[in-house]
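In: I'll drop the sequence and a predicted model, then ask my questions.
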Amino acid sequence: MNASGYAASSATSALAPFSFERRALRSDDVLIDILFCGVCHTDLHLARNHGGFTIYPILPGHEIVGRVRQVGENVSRIKVGDVVGVGCMVDSCQYCQACRQGWEQDCAEGATFTYNSTDRHDGAVTFGGYSDSIVVRDRFVLSIPDGLDLAGAAPLMCAGVTTWSPLHRFNVGPQSKVAVIGLGGLGHMALKLAKAMGADVTLFTRSSGKEGDAFRLGADHVVLSSEARQMAAVTGRFDVIIDTVPYDHDVNPYMPTLKLEGVLVLVGYMGPLGTPVNAGSVVRGRRAISGSFIGGVLETQQMLDFCGQHGIVSDVEVIAIQHINEAYERMLKSDVKYRFVIDMASLKS
Ligand code: NAP
Ligand code: ZN
Ligand code: ZN
C-alpha cells in the first residue's frame, strides 16, 4: 500500500518528502496509522551515516505511537482502533537464547530494526516512523496505558526503555544513588524514571543553566562536570551511572564517583573511546563499566505500565515534519527540552 514520509538520500542531504510502499499484511502483522514519532539522536547518527552502515534512502523514526488500522488474520491480542506503540524493533528470530530470554534487541540472528534494517522474510529495507503508517509483526506492538499524553508517550519507546532497562537490571530503588550524564532525550527520561523508582538522583551536565529543569525533572543534585571541585565532592557516591553522551568522551573523571562495586553504564556513544580507560579505576573498588542496548519487548511493556502508574511521559516539543531538519540542528546544539516529537498530521499539510 502507498505510504509517505520523510527520508534522506545521502549522508549530506536533508530529509525530504518520500513516497514508498508498505508491504501487504502477513497473517501476524499489524498496520498502524502513526500519530506521533519522537526524534532520537540515533536518527541523526544514522541519517548522517556516523556508524558507516546506513542504507540510503533512509527513513528514520523509532519512537512511534499510533492507532491500529488493520490486523492480520492470526492477530487476536491487538484490535483495530487500539492505541499502540512501536520502538526500535519490528521482528526477531524468536528462538535464539537472547530472544527466549526476552532480549530480542540482541537476537543472535540480528533483530529486524524499525528502520535501516532488512526484513527477515522478504529482504526489503525497513522504513521507520517519520511516515503516515507502518506494518509491524504483532509481538513487537506495545500497549500504551490509558491516560498518558500520546505525544509525550512516543519517546518512551526508545529513550524510556533504554534508560529503564539498566536502572531495572541494576536494582535501582529507594536505597540507590544514581547519576545520569547528559540532560537530553535519554537523560531526562533517566532522571524521571530513577526518581520514580525512589532513588537519590544526580545529574552530571557540561551545560550550566540546566539546573532548574534538572530539579523539576527529578534530580536531587546537579554537578557541572567541568568544575573539578564539584566532581571531587561526589567521590565514592554512586551505585549506578547512566552515561547518555552521544559522542566520544573521557569516562575517567566519572569513575572515582562510583561506590565500591558501582557500575557506569554506557547507553549513548557506541564507538571506540579515544581516551583509554584507566584499568586501575575498575580494578580498585571492584567497579564495572557496562553497557545496555534499548530493551526487550516484555521489559518495554513493563516500563510503559510503570509510566502509566506514575504518570510519566517525556517533556516534548511537538513539531511539524516540515521542521525536521531544523530539529536535527537544534538537537546537535542541545537546544531541545527534551525531545522533539513529530505530529504526523502535519504530513498532510
Ligand atoms: P540528545 O537528546 O542529543 O542528548 C544528549 C546529551 O548529551 C545532551 O543534551 C548533552 O547534555 C550531552 N552531550 C551532547 N554532546 C556531548 C558531547 N560532545 N560531550 C558531552 N556531552 C554531550 O541525545 P539522546 O537522544 O538522548 O541520545 C543520546 C545517545 O544515546 C545518542 O548517541 C543515541 O544514539 C544513543 N542511544 C542509544 C540507545 C541504546 O540502546 N543504547 C538508544 C537510544 C539512543 P548536557 O548538555 O546536559 O551535557
Ligand atoms: Zn532511539
Ligand atoms: Zn533471536
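Out: Looks like it came in fine. Ligands and ions are numbered 1, 2, ... in the order given.
In: Alpha carbons of the helix or strand that contains Leu186, in CSV - could you do that?
Out: Element membership for Leu186, per DSSP states H and E: helix 185-196. Taking C-alpha atoms only, helix 185-196 is exported to CSV below (Å, rounded to 0.1, in the frame of the first residue of the first chain):
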residue,chain,number,x,y,z
GLY,A,185,16.2,12.9,25.5
LEU,A,186,17.6,9.8,27.2
GLY,A,187,19.0,11.8,30.2
HIS,A,188,15.7,13.5,31.1
MET,A,189,13.9,10.1,31.0
ALA,A,190,16.6,8.6,33.2
LEU,A,191,16.0,11.4,35.8
LYS,A,192,12.3,10.8,35.8
LEU,A,193,12.4,7.1,35.9
ALA,A,194,15.2,6.9,38.6
LYS,A,195,13.3,9.4,40.7
ALA,A,196,10.0,7.4,40.4
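In: Please see if it touches ligand 1.
Out: Yes: Helix 185-196 reaches ligand 1 (Cβ under 6 Å from any ligand atom) through 185-187. Placement of C-beta: from N, CA and C, glycine included.
In: Go through those and name the one nearest ligand 3.
Out: The closest of these to ligand 3 turns out to be Leu186 (Cβ to the ion; 24.9 Å).
In: how near is that closest one to Val265?
Out: Per Cβ to Cβ, to the nearest Å, Leu186 is found 11 Å from Val265.
In: neighbour-wise, which of the two wins?
Out: Leu186 (29 against 23; other Cβ atoms under 10 Å).
In: Now stretch 134-149: buried residues?
Out: For stretch 134-149, the neighbour count (16 or more other Cβ atoms under 10 Å) marks 134-142, 144-145, 148 as buried.
In: I'd like the residues you listed as CSV, with pLDDT appended.
Out: Shown next, in CSV, are those (pLDDT from 0 to 100):
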residue, pLDDT
Ile134, 98
Val135, 98
Val136, 98
Arg137, 98
Asp138, 98
Arg139, 97
Phe140, 98
Val141, 98
Leu142, 98
Ile144, 98
Pro145, 98
Leu148, 98
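In: Name the nearest residue to Leu224, sequence neighbours excluded.
Out: Gln230 (5.4 Å; Cβ to Cβ, 6 or more residues apart in numbering).
In: Now the helix or strand where that neighbour lies: buried residues?
Out: Using DSSP H and E, Gln230 falls within helix 228-232. Of the residues in helix 228-232, those buried under the neighbour-count criterion (16+ other Cβ under 10 Å) are Met231.
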